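K.L.:
Need a 3D model of the following:
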Amino acid sequence: MGQLIACAAAEGVLVGTDSRAEFFEPYGEERFITVDRLVPVTSHAVLASAGNWEAGSICKEFADFVQSEGITDVDGLIEAAIPFFTGKYDEILRKMCEHVPPDPVVNMYLVLAGYNPKTPEKPSRLLVIWDRPQPPKIEYNQVTQVFTLPRRLGLEFRLNQLVQQKASLAKIAEAAKAGMQKLAAQDEGIGPPFRYLTITAAGLADV
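P.N.:
Prediction:
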């Protein structure tokens, strides 16, 4: 599992990920590969994935679906995301049943992050989506301010402090980058290149 960091502040949203994922060869050998975990969905929304490396392709399918349906509003994206990913999850389970006895552990972990300039009282959105194995189903939760996956409570506490202090997105990004570097030094499963995006009224931007 890769590392994902998401933080919603008054100024906008910060999303950060690493790019290292485990890949298993046909005969069981394990190696690390580089994946892009950030997929832009609209001008003001992005999907970030952790878990299995295949999640990136599912995120791109959602982005294509959103474009074909003409969905641009962040709240509309959230409404569309749950039925879409529930359907994809069901497809994955059916394909698994065709080849081997069903193993419901898919490891789908996603964050849909967006910014809606039309709702200045609550412009930033974070939606966490994951699969539960028993019984197999998609679950989700809207997060108010900070979320990390895997959970890093110390880093979440620090980022929450900055949000409460109304720190700039630049300062929040600085703290997130320092936290990611520290985690990478402790866990070989987390590795570069590290990517960070902000979402503000102006749209998506690399930081």
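K.L.:
Every contact and neighbour count from this point should use C-alpha atoms.
P.N.:
Noted.
K.L.:
nearest spatial neighbour of W130, skipping sequence neighbours?
P.N.:
Among residues not flanking W130 along the chain, Y109 sits closest, at 4.6 Å (CA to CA, 6 or more residues apart in numbering).
K.L.:
Contact partners for that neighbour?
P.N.:
Y109 sits next to 49-51, 55, 128-131 when contact means CA atoms under 8 Å, 6 or more residues apart in numbering.
K.L.:
Please report which of these has the highest neighbour count.
P.N.:
If you count neighbours using other CA atoms under 10 Å, the busiest of these is S49, which has 33 neighbours.
K.L.:
just checking, it touches V111?
P.N.:
Yes. Counting by CA atoms under 8 Å, V111 is a contact partner of S49 at 6.5 Å.
K.L.:
circling back to that earlier point, hmm, which two among the contacts of Y109 are most spread apart?
P.N.:
Farthest-apart pair in these is A55 and V128; separation 13.8 Å (CA to CA).
K.L.:
Which helix or strand contains the residue nearest to W130?
P.N.:
Here Y109, judged by DSSP states H and E, is contained in strand 108-115.
K.L.:
Need the CA coordinates for that strand. CSV is fine.
P.N.:
Taking C-alpha atoms only, strand 108-115 is exported to CSV below (Å, rounded to 0.1, in the frame of the first residue of the first chain):
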residue,chain,number,x,y,z
MET,A,108,-9.5,-0.5,-3.0
TYR,A,109,-8.7,2.7,-1.2
LEU,A,110,-9.5,6.1,-2.8
VAL,A,111,-9.9,9.7,-1.9
LEU,A,112,-12.0,12.0,-4.0
ALA,A,113,-10.9,15.6,-3.3
GLY,A,114,-12.4,18.7,-4.7
TYR,A,115,-13.1,22.4,-4.3
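K.L.:
For the residue nearest the centre of the chain, grab phi and psi.
P.N.:
Centroid check for the chain by CA atoms, centre = their mean gives A48 as the closest residue, at 2.6 Å. Main-chain torsions, A48, degrees, to the nearest 10: phi -120, psi 140.
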